[in-house]
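Peer 1: Make a model of this:
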Amino acid sequence: MLPLARFNAFIQQHQLFDKQSTILAAVSGGVDSVLMATLLHACGYNFAIAHCNFMLRGDEALRDQQFCKNLADEYGVPFYTTNFDTTKYATEHKLSIQMAARNLRYQWFEQLRQQHSYDVITLAHHQNDTIETILLNLTRGTGIAGLHGIKPRNSNLVRPMLGFTREEIAQAVADEKLSFVEDSSNSSVKYARNKIRHDVIPKLKELNPNLENTFQEHLQHFAELEQLFEAKLEEIRKTAFTYHKGEVHIPINALKALSPMHLLLNGLLKPFGFNDTTTNDVIASLDKHSGRRFEAPLWLLILDREKLIISPKGKNTASEVFINENDTDVAFGIYKFNISKAELPYEIKREPMVAAVDAGLLVYPLVLRTWQPGSYFYPLGMKARKKLSDFFISLKTPLHSKSEIPLLVNGNGDIIWVAGLRIDNRYKITAETKKIAIFELTESA
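Peer 2: Residues are numbered from 1 along each chain as shown. Okay, here's the model as predicted:
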């Protein structure tokens, strides 16, 4: 008999779908997906079959494709299929064949789901797939998340066969005399998962014949452990993270208080794309390497004097922008400068984002740029020049921010305004000033 009650019980326990749901079933033609499609049909669910031909196995792949079409016809359900040039895709995207095939099929399944308004996509993973995934994660290096294996639901992807072992599926298919097709590549040990399936797990089962049951008992513990870990990370984010203009700031003292430090810091940094090596380097640098920078694909991590700063890359990508005499506004990275003129008398505003200077001293074109080593100016109220680096230190400006702050530079090379902080004393409005130039800084993004 088909294990209908057990199949439905697992679906209901994990709230995967119900009799009103529309289902897109991913079917390869193998024993696992054939039983899944058969159970969906026998239980009266509203489903369609989707099959991918990765064009890797010649006539065998065409056989599988036709088999799945025949299965859909037998059950009277819609059938979707597509052919992928997997080898070309893998080469273009610098991926392994297995990873290329995975990306292609999941992208296509989701396109179908949206196009035809299916509620869920069912995949035929079972308990043995979970064991293989956990062992793969352990061999490649994993955090706590890698120990729970394959979840019954991941967004619109659901796995109603996770309640069965490979042996139970094979037995049910044999008992019902169901037809299926064999993928010859499944027997090859050149793929890591197959090597674990054919070489590693049989050895483990010699030590523990009930390996599947043992893993199943521990999966819930692993999942609960992950929940506790994520709750702790969220608590740290709420109490220690502050957010400023798209950046994340974490006090060094809060990092030093983490226990266990490596595990928690690694969990905090992972969503930004930083790896375990970066975590080790950050910990080693906390007391002695202020200013050290670490890079992930999309984020920059800076170890500042009193805090760790995680900043999105490319916030201000401008290098130099010229301002001509008749310009009224210019863009500089994420900033916008509005430029206007005024006559005396003029009331000077105590507004850091506005600079009013003596227009008669300006030499056009002006230049907008960022800090460079050796840059100096005469801060308002001072007659002696001061290096910008020293000026930033005196204001306790974060180390990375000095390369983000716009500088308004005169045509003769003088810094007129350290935008948002201080104008140069030489360009202030005096009794001799006849015309005034006003520069207002705003963020455009």
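Peer 1: need the contact list for the residue nearest to Asn253 when sequence neighbours are not counted.
Peer 2: Nearest residue to Asn253, sequence neighbours excluded (CB to CB, 6 or more residues apart in numbering): Glu306, at 7.9 Å. Just so you know, the C-beta spots here come from the backbone N, C-alpha and C atoms, and that holds for glycine as well. Glu306 makes contact with Pro251, Ile252, Asn253, according to CB atoms under 8 Å, 6 or more residues apart in numbering.
Peer 1: Against Phe294, how distant is Glu306?
Peer 2: 17 Å (CB to CB, to the nearest Å).
Peer 1: quick one: the residue nearest to Asn253 from Thr133, how far?
Peer 2: On the measure of CB to CB, Glu306 and Thr133 end up 42 Å apart.
Peer 1: and if you look at Phe294?
Peer 2: Counting by CB to CB, the gap from Phe294 to Thr133 is 30 Å.
Peer 1: Same check on Leu388?
Peer 2: Leu388 is 53 Å from Thr133, by CB to CB.
Peer 1: what about those two, which has more around it?
Peer 2: Leu388 (22 against 19; other CB atoms under 10 Å).
Peer 1: Do I have it right that the more buried one meets Pro379?
Peer 2: No - if you go by CB atoms under 8 Å, Leu388 and Pro379 don't touch, sitting 9.8 Å apart.
Peer 1: okay, and the common contacts of these two?
Peer 2: The contact sets of Leu388 and Pro379 do not overlap (CB under 8 Å, 6+ apart).
Peer 1: gap between the two ends of stretch 18-32?
Peer 2: 21 Å (CA to CA, to the nearest Å).
Peer 1: Equivalent analysis for stretch 328-340, please.
Peer 2: Start-to-end span of stretch 328-340 (CA to CA) is 6 Å.
Peer 1: Please tell me the pLDDT value assigned to Asn186.
Peer 2: The model reports Asn186 with a pLDDT of 65.
Peer 1: pLDDT below threshold where in the stretch 251-400 of the chain?
Peer 2: 289-290, 314-319, 398-400 (pLDDT under 70).
Peer 1: Would you map the strands across the stretch 1-150 of the chain?
Peer 2: 22-26, 46-53, 79-83, 120-122 (DSSP state E, counting those that start in this stretch).
Peer 1: Tell me the pLDDT of the spatially closest residue to Lys383 that is not a sequence neighbour.
Peer 2: Spatial nearest neighbour of Lys383, excluding adjacent residues (CB to CB, 6+ apart): Asn425 at 6.9 Å. Reading off the confidence values, Asn425 has pLDDT 93.
Peer 1: and Asn425, how far is that from Gln15?
Peer 2: 69 Å.
Peer 1: who's more crowded, the two?
Peer 2: With neighbours defined as other CB under 10 Å, Asn425 and Gln15 compare such that Asn425 has more, 15 against 10.
Peer 1: how far away is that one from Gly267?
Peer 2: 49 Å.
Peer 1: Please apply the same query to Cys43.
Peer 2: 40 Å.
Peer 1: how about the nearest residue to Lys435, chain neighbours excluded?
Peer 2: Closest residue to Lys435 in three dimensions, ignoring its sequence neighbours and counting by CB to CB, 6+ apart: Ala359, at 4.1 Å.
Peer 1: Repeat that for Leu135.
Peer 2: Ile196 (5.2 Å).
Peer 1: how many neighbours does the residue lying closest to Met1 once chain neighbours are set aside have?
Peer 2: Excluding its sequence neighbours, the residue lying closest to Met1 (CB to CB, 6+ apart) is Asp175, at 7.4 Å. Neighbourhood size, Asp175 [other CB under 10 Å]: 11.
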